[in-house]
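Asks: Provided below for reference: sequence and predicted model.
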Amino acid sequence: MQAIDRARRAVTVLLVAAFLLVAPQIAFAGFSTPKASGLAVGAASLVAPSAVQGTQSCTSTFFREGFTITVDGFTDPGPAGQPYSHTYTLVRDNEPVDSITTTAKTATLSYRGGFRFGGRDGSYTLRIDSALRSWTAPAFTYATGCTSGTWR
């Protein structure tokens, strides 16, 4: 190996060592000034539907009970313009009897019962479950009996 090669290698080793010592100092100097972020971040939460409005009707003929409940609309205070889905479930005496999932804020659910002694004796619960992708809101529930009229 010639003297010039040894000198070239020694200079290269010194330059690499100097670079390894100086480079972290340059990076540190470049990021040492703190700045406030202009972006505010917060957590969102889903809430149950409110101000739910609708009608219900109950019929009884020949010991058969029929019940229909219609949701005319409700207030959904969640993020506007997002693809919510709502599952409406009609429960009679703790058993689901009708259900629909839709993005609409309106729905009609019905129950047509079989032969029953006593006719109008069922208890009903309307349940609305709202979801935004994989997030779910607390459920809205409305309990009623076999009556007819408007409710809020």
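Replies: Right, received. Where do you want to start? Owing to the predicted nature of the structure, the values given are computational and were not obtained by experimental measurement. Numbering: from 1, shown residues only.
Asks: any chance you could map the strands in this protein?
Replies: Secondary structure of the chain (DSSP state E): strands at 50-61, 64-75, 84-92, 95-102, 107-115, 123-132, 135-136, 140-145, 149-151.
Asks: what sits against the residue found closest to residue 135 once you drop the neighbours it is linked to in the chain?
Replies: Once flanking residues are discounted, residue 135 sits nearest to residue 46: 5.6 Å by C-beta to C-beta, 6 or more residues apart in numbering. Heads up, the C-betas are built off the backbone N, CA and C, glycines and all. Residue 46 sits next to 78, 130-132, 135-138 when contact means C-beta atoms under 8 Å, 6 or more residues apart in numbering.
Asks: switch the cut-off to 10 Å
Replies: 76-79, 82, 84, 130-132, 135-138 (C-beta atoms under 10 Å, 6 or more residues apart in numbering).
Asks: about what we covered before: residue 11 is nearest to which of the strands of the chain?
Replies: Counting by C-beta to C-beta, residue 11 lies closest to strand 135-136 out of the strands of the chain; the figure is 62.1 Å.
Asks: Average pLDDT for the closest one, rounded please.
Replies: Here strand 135-136 scores 88 as its mean pLDDT.
Asks: what's that strand packed up against?
Replies: Counting contacts by 3 or more C-beta pairs under 10 Å, 6 or more residues apart in numbering; DSSP states H and E, strand 135-136 is packed against strand 84-92.
Asks: looking only at pLDDT, what's the mean for the strand it packs on?
Replies: 93.
Asks: Quick check: neighbours of that strand in the sheet, parallel or antiparallel?
Replies: strand 95-102 (antiparallel), strand 123-132 (antiparallel) (DSSP bridges).
Asks: Just the C-alpha atoms of it, please, in CSV.
Replies: Taking Å, rounded to 0.1, in the frame of the first residue of the first chain, the C-alpha atoms of strand 84-92 are listed here in CSV:
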residue,chain,number,x,y,z
TYR,A,84,-74.9,7.4,10.8
SER,A,85,-76.9,4.3,10.9
HIS,A,86,-79.9,3.8,13.2
THR,A,87,-81.3,0.5,14.4
TYR,A,88,-84.9,0.8,15.4
THR,A,89,-86.2,-2.2,17.5
LEU,A,90,-89.7,-2.8,18.8
VAL,A,91,-89.8,-5.0,21.9
ARG,A,92,-92.9,-6.6,23.2
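Asks: Pull out the buried positions in that strand.
Replies: 84, 86-92 (16 or more other C-beta atoms under 10 Å).
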